[in-house]
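Q: Show me the folded form of this:
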Amino acid sequence: MATVDSGDGKRSGWPRVIVPAVVGAAAVLIASAIGYSATTEANSPQSMPPPSAGSCDRLPSKAFVRQMSGAIVFPEASYAIDEAGDRPRIDLAGSYQGVVDEGKRVVVIAKADPGSYDSTPERHPGDGRYYYEQELQVDEQAHCWSAMSLTPSYGGSKGLVWHIYLVLVPADFSVTSVSARNQVEDGVFKTLEALAVFTVKT
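A: This is a model prediction of the structure:
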């Protein structure tokens, strides 16, 4: 074993033994700390990130929304038109902000603009009446909404411009206030809280 002079003429081998031992112990402690940290991080529960803004479905055509009430806000809406059948079919989707109160629903009510004309030989104008379509399907966690396969038009009605209203109504509205032909009378519509409106051209 190698020795060093201790200063009193005696030679000792302790320093060369102790220093490597201390360095080795420190290395073991550092490695253990790194391992513990990695294990703790791996085992700690990870919170799910909130849904990113604008994560709702977007359909091919963007609609420009005019907000009519602050009760529930619709930052964006989009639509798609399927012309494969004998009458245009409209799909809608978008996002919203706010809460639909218990006992209330948001529904789609459509109105054909009298200033637009269909594709029939007679070129019929929009009748300007309000028609109940369906209730919005709402995802309360993601704050997204959709309304699929709306058919407010008739065979040969391509070309009409539809004003699409998103309206807050009582839960039993479709039973108590809509006619057999899905029409909503002007007087009834005026009593409702229209939240937003946008235009779709078929």
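Q: In stretch 65-72, which residues are buried?
A: Of the residues in stretch 65-72, those buried by neighbour count under the rule 16 or more other Cβ atoms under 10 Å are V65, I72. Glycine gets a C-beta too; all of them are placed from N, C-alpha and C.
Q: cool, stretch 103-118 as well?
A: 104-113, 116-118.
Q: Identify the farthest-apart pair in the residues you listed.
A: Taking Cβ to Cβ, the two most distant members of the buried residues of stretch 103-118 are K104 and Y117; they sit 36.1 Å apart.
Q: sorry, back to before: in terms of model confidence, name the weakest of the buried residues of stretch 103-118.
A: Checking pLDDT across the buried residues of stretch 103-118, the minimum falls on D118 at 93.
Q: Where does the record place the domain boundaries for this protein?
A: Domain ranges of the chain: 4-43, 61-201, per automatic domain parsing.
Q: Now distance to S55 too, for those domains, in TSV please.
A: TSV is the format used below for the domains of the chain (distance: least, Cβ to Cβ, whole Å):
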stretch	distance to S55
domain 4-43	28
domain 61-201	6
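Q: which of those domains is buried the deepest?
A: Each of those was given a mean neighbour count from mean count of other Cβ atoms under 10 Å, and the largest, a mean of 16, is that of domain 61-201.
Q: ok, Y117 touching S157?
A: No - assessed by Cβ atoms under 8 Å, Y117 is found out of contact with S157, at 9.8 Å.
Q: Show me the shaky parts of the protein.
A: Judged by pLDDT under 70, the chain has its weakly predicted residues at 1-54.
Q: Do a quick rundown of the strands in it.
A: Shown for the chain, the strands assigned by DSSP state E span residues 4-5, 11-12, 61-63, 66-67, 73-82, 89-97, 104-112, 130-135, 137-139, 144-150, 161-170, 183-184, 193-201.
Q: could you dump these to CSV with distance to T176?
A: Compiled in CSV, those are given as follows (distance: least, Cβ to Cβ, whole Å):
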stretch, distance to T176
strand 4-5, 102
strand 11-12, 103
strand 61-63, 29
strand 66-67, 27
strand 73-82, 25
strand 89-97, 24
strand 104-112, 12
strand 130-135, 11
strand 137-139, 21
strand 144-150, 21
strand 161-170, 8
strand 183-184, 11
strand 193-201, 16
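Q: mind checking which of those is nearest H124?
A: Nearest to H124 among the strands of the chain is strand 104-112 (9.4 Å), distances taken as Cβ to Cβ.
Q: Thanks again, I'm all set now.
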